[in-house]
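S.K.: What shape does this take:
(chains A and B)
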Amino acid sequence: MMALRAILLRDMRLAVRVGGGALIGVLFFLVVVTLIPLAVGPNLVLLKRIGPAILWLGALLASLLALDRLFAADHEDGSLDLILMGSAPLELTVAAKGLAHWITTGLPLVVAVPVLGLLLDLDPLAIGAVALTLLVGTPAITFIGLIGAAIAVVLRRGGLLLPVLVLPLTVPVLIFGVSAAEAVIVGPASFATPFTILCALTLASLVIGPAAAAATLRHGLD
Amino acid sequence: MALIDLANPTRFLVLAERVLPWLMAATLFAFAIGLTQSALAPDDYQQGATVKIMFLHVPSAWLGMFCWGLMSVAALGTLVWRHPLADVAAKAAAPIGAAFTFLCLFTGAMWGRPMWGTYWVWDARLTSELILLIMYFGVIALWRTVENPSDAARVVAIVTLVGAIDLPIIKFSVDWWNTLHQPESVFRMGGPTIDKSLLVPLFAMVIAFTLLFVTLHIAAMRNEILRRRVRGMLMLQARGQEA
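M.R.: The predicted structure follows:
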């Protein structure tokens, strides 16, 4: 437990120090959300309609941004070897690293949603719905991404492969996240059904992600 | 005293300590005048009291752009003249400029809600101002990515000069495109179109904001010099322990 806490705190500290990418994700999110209205045109009615989808896509891409460094940095300075040899179960260590990554990169995206929602002319209820679905959904993206991050460190140049491998796996999260958020805005479908499925997907990925990533690291690095 | 005399950081620190109290006093005085003038200014016949948001909005917009201009000059100072304080000036200016640009967007949103019926529209003036804010964030992030400030300085200087393209786009966006944002009404051919009763407080606030910027900037430059000294001492200390 002590070891996991230490890893969690260390990763969070590294993320906010010089060279850490904690807030780059939010900046990327802002840029994506700025570019889409420039591409589809400034029609506020249209933007209001596709706003939840834009925010979800932006958050999805932004959470993948720093993911390839998650284990790679530890591999370069040797601390990953220590983690692998340590007494704490690798699955839990990987989960702790994933949690630290989500707190420093995923959570700021959720916090940024109210501001970005205003740019897309979403009303407060819609902004609340998008923020809530992202709060529940982004951990799933990060934890599924752990698998890609592990592959990125095992394979040379795996970093380029990461989005290609991870994005297809996040499709269900995207579908149910957007449909829950849109249920609030356009109706008539219920919010509860897609939202519960989204919660289930997140809970499942909390288990599957660390287990698969730990297995990849174990088999790939010996 | 020429600009090159300030190249010595110690001399700059002495000068900063001497002028800062005066600058602070001048800023407070200017704000006292500017805010009373703003409070006493008459309401607009169409916009009512909301027109007074202008007294915060216009100076912030001006300083957000002025600050990038200052950073561009400092970037030239870094690249061309190798002035030792140029990158200190550029680094200290970035967060202040970002703050004023944000203030401009924020007050604009507060003004837009009652007048246009929306916090935000994607018109040329607003979008180019948002791009300026994003570029400020990018430059701040770039400063924070490279550990050694003098290495970061050259890269940031190049990015700053490229980003300066946005300044004329912001300035002329209301003339080039048909925008919801009102066209230029202060500095234009044929004199300002704003009534004198609103123009006087506006200029008072612009002076107050500019003084505030200069004060904050010199204080931030002083802090940056001291921060680099602390860093240098810590490095020396660490090297001493190693030996």
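S.K.: The single nearest residue of chain A relative to chain B and B:L180: what is the separation?
M.R.: Among all residues of chain A, A:P42 sits closest to chain B, at 3.4 Å; criterion: CB to the nearest CB. Every residue, glycine included, has its C-beta placed from N, CA and C. The gap separating A:P42 from B:L180 is 10 Å, by CB to CB, to the nearest Å.
S.K.: Between the two, which contacts overlap?
M.R.: Contact with both A:P42 and B:L180 is made by residues B:121, B:123, according to CB atoms under 8 Å, 6 or more residues apart in numbering or on different chains.
S.K.: How many residues are close by A:V171?
M.R.: Other residues near A:V171 come to 10 when the count uses other CB atoms under 10 Å in any protein chain shown.
S.K.: do B:M115 as well
M.R.: The burial count assigned to B:M115 is 16, neighbours taken as other CB under 10 Å.
S.K.: so which strand or helix has it?
M.R.: Element membership for B:M115, per DSSP states H and E: helix B:86-116.
S.K.: Show me what counts as buried in that helix.
M.R.: Residues of helix B:86-116 classed as buried by neighbour count (16 or more other CB atoms under 10 Å in any protein chain shown): B:86-105, B:107-109, B:111-112, B:115.
S.K.: closest point of chain B to chain A, which residue?
M.R.: Residue nearest to chain A within chain B: B:W122 (3.4 Å; CB to the nearest CB).
S.K.: Helix, strand, or coil at that residue?
M.R.: Using DSSP: H, G, I helix; E, B strand; the rest coil as the criterion, the local structure at B:W122 reads coil.
S.K.: Without its sequence neighbours, what residue ends up closest to it?
M.R.: Setting aside the residues directly before and after it, B:W122 is nearest to A:P42 in space (CB to CB, 6 or more residues apart in numbering or on different chains), at 3.4 Å.
S.K.: and chain A, which residues reach chain B?
M.R.: Of all the residues in chain A, those in contact range of chain B (CB under 8 Å from any CB of the partner chain) are A:18-19, A:23-24, A:27, A:30-31, A:34, A:37-38, A:42, A:44, A:47, A:118-119, A:121.
S.K.: Check the offset of the longest helix along chain A from the chain's centre.
M.R.: Identified as the longest helix of chain A according to DSSP state H is helix A:124-154. In terms of CA atoms, centre = their mean, to the nearest Å, the centre of helix A:124-154 is set 3 Å apart from its chain centre.
S.K.: How far off centre is the next helix or strand after that helix?
M.R.: Using DSSP H and E, the next helix or strand after helix A:124-154 towards the C-terminus is helix A:161-169. Between the centre of helix A:161-169 and the centre of its chain there are 12 Å (CA atoms, centre = their mean).
S.K.: And helix A:161-169, what's buried?
M.R.: A:162-163, A:166-167, A:169.
S.K.: can you state the direction angle for it and helix A:124-154?
M.R.: Between the direction of helix A:161-169 and that of helix A:124-154, the angle (axes from the mean of the first three to the mean of the last three CA atoms, to 10 degrees) works out to 130 degrees.
S.K.: Show me the residues of chain A next to chain B that map onto helices.
M.R.: Where those overlap with helices, as defined by DSSP H, the overlap consists of A:24, A:27, A:30-31, A:34, A:37-38, A:44, A:47, A:118-119.
S.K.: which regions of chain A sit below the pLDDT cut-off?
M.R.: Scanning chain A for pLDDT under 70 picks out A:18-21, A:222.
S.K.: I'd assumed A:I144 was in contact with A:T170.
M.R.: Yes - with contact defined as CB atoms under 8 Å, A:T170 and A:I144 form a contacting pair (5.8 Å).
S.K.: Give me the more crowded residue out of these two.
M.R.: Taking other CB under 10 Å, A:T170 and A:I144 do not tie; A:I144 has more neighbours (29 against 21).
S.K.: tell me the contacts of the nearest residue to A:L206 once chain neighbours are set aside?
M.R.: Counting by CB to CB, 6+ apart, A:F143 is the residue found nearest to A:L206 once chain neighbours are left out, at 5.5 Å. A:F143 is in contact with A:95, A:98, A:102, A:202, A:205-206, A:208-210, counting by CB under 8 Å, 6+ apart.
S.K.: from the residues you listed, which two are the most distant?
M.R.: Farthest-apart pair in the contacts of A:F143 is A:W102 and A:I208; separation 15.4 Å (CB to CB).
S.K.: For these two, indicate the residue with more neighbours.
M.R.: A:W102 (19 against 16).
S.K.: I'd say A:V40 and A:A53 touch.
M.R.: No - using CB under 8 Å, A:V40 makes no contact with A:A53, being 11.1 Å away.
S.K.: Show me which of those two is the more surrounded one.
M.R.: Under the neighbour definition other CB under 10 Å, A:V40 and A:A53 were set side by side, and A:A53 has more, 17 against 13.
S.K.: ok, the more buried one touching A:G177?
M.R.: No - distance between A:A53 and A:G177: 9.7 Å, which falls outside the contact criterion (CB under 8 Å).
S.K.: Spell out which parts of chain B neighbour chain A.
M.R.: B:109, B:118-123, B:127, B:130-131, B:134, B:137-138, B:141, B:144-147.
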